[in-house]
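A.B. asks: Structure for this input, please:
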Amino acid sequence: VGKALFASRGYEAVTVEEIAAAAEVSKPVVYEHFGGKEGLYAVVVDREMQALLQRITDALTGDHPRLLLEQAGMALFDYIEGDTDGFRILVRDSPVPTGNFASLIVEIAGRVEYLMAKQFKARGFNTRLAPMYSQMLVGMVALTGQWWLDVRKPDKDEVVAHLVNLTYNGFSHLEHKPKLSGG
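C.D. replies: Numbering: from 1, shown residues only. Model prediction:
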């Protein structure tokens, strides 16, 4: 109940009274179980972060870089499509110290960093750059997901195909020591 209310109206707009009424319990029950609205919100955010992280981790079963990109992208977009309320909560700025979208991106990037390092090593790139590239990749995909959350066009398969196209084809022409053109 709290998840649906927070997703539709935002943390600030929802009251403990509304949560209790929608859940058909008394206000003291909400306070007893969660310590208040902040505690409930923290539980909701934590559960959603874990659900999304698990989905992405479970999806990464391929060996080829392009397949891994497709799997990660589809896992995120499947989550957005199937659990819109959860994703809305994750992308909103959290008024309480529960973790936020930026911390979620950092955590997901940390989980895919080893895959990036493996691909870098196989191609003769400096593996110390894998954490930075992981942040770039995950950030691009996550922000595209945030955009798609509201527009829903084109369909998720097409969006993921374009993300993979940009990322994979961009990676296929990576320079070992890129420099700015100075222009």
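
A.B. asks: What segments of this protein are helices?
C.D. replies: Per DSSP state H, the chain carries helices over the ranges 2-9, 16-23, 27-34, 37-59, 65-82, 84-91, 101-122, 130-151, 156-171.

A.B. asks: and the fourth one, average pLDDT?
C.D. replies: What helix 37-59 shows for mean pLDDT is 91.

A.B. asks: before we move on, what about the first one?
C.D. replies: Mean pLDDT, taken over the full extent of helix 2-9, equals 94.

A.B. asks: From the contact counts, what lies against the lowest-mean-pLDDT helix or strand in the chain?
C.D. replies: Lowest by mean pLDDT, DSSP states H and E among the helices and strands of the chain is helix 101-122, with a mean of 85. Contact partners of helix 101-122 among helices and strands, from 3 or more C-beta pairs under 8 Å, 6 or more residues apart in numbering; DSSP states H and E: helix 37-59, helix 65-82, helix 84-91, helix 130-151. C-beta here means a position set from N, CA and C on the backbone, and glycine is covered the same way.

A.B. asks: Run the angle between the shortest one and helix 2-9 for me.
C.D. replies: Going back to what we said before, that points to helix 84-91. Angle between the axes of helix 84-91 and helix 2-9 is 70 degrees (criterion: axes from the mean of the first three to the mean of the last three C-alpha atoms, to 10 degrees).

A.B. asks: got it, and the longest one?
C.D. replies: Using the same axes, to 10 degrees, one finds that helix 37-59 and helix 2-9 are set 90 degrees apart in direction.

A.B. asks: Same check on the second one?
C.D. replies: Inter-element angle recorded for helix 65-82 and helix 2-9: 90 degrees (by the same axes, to 10 degrees).
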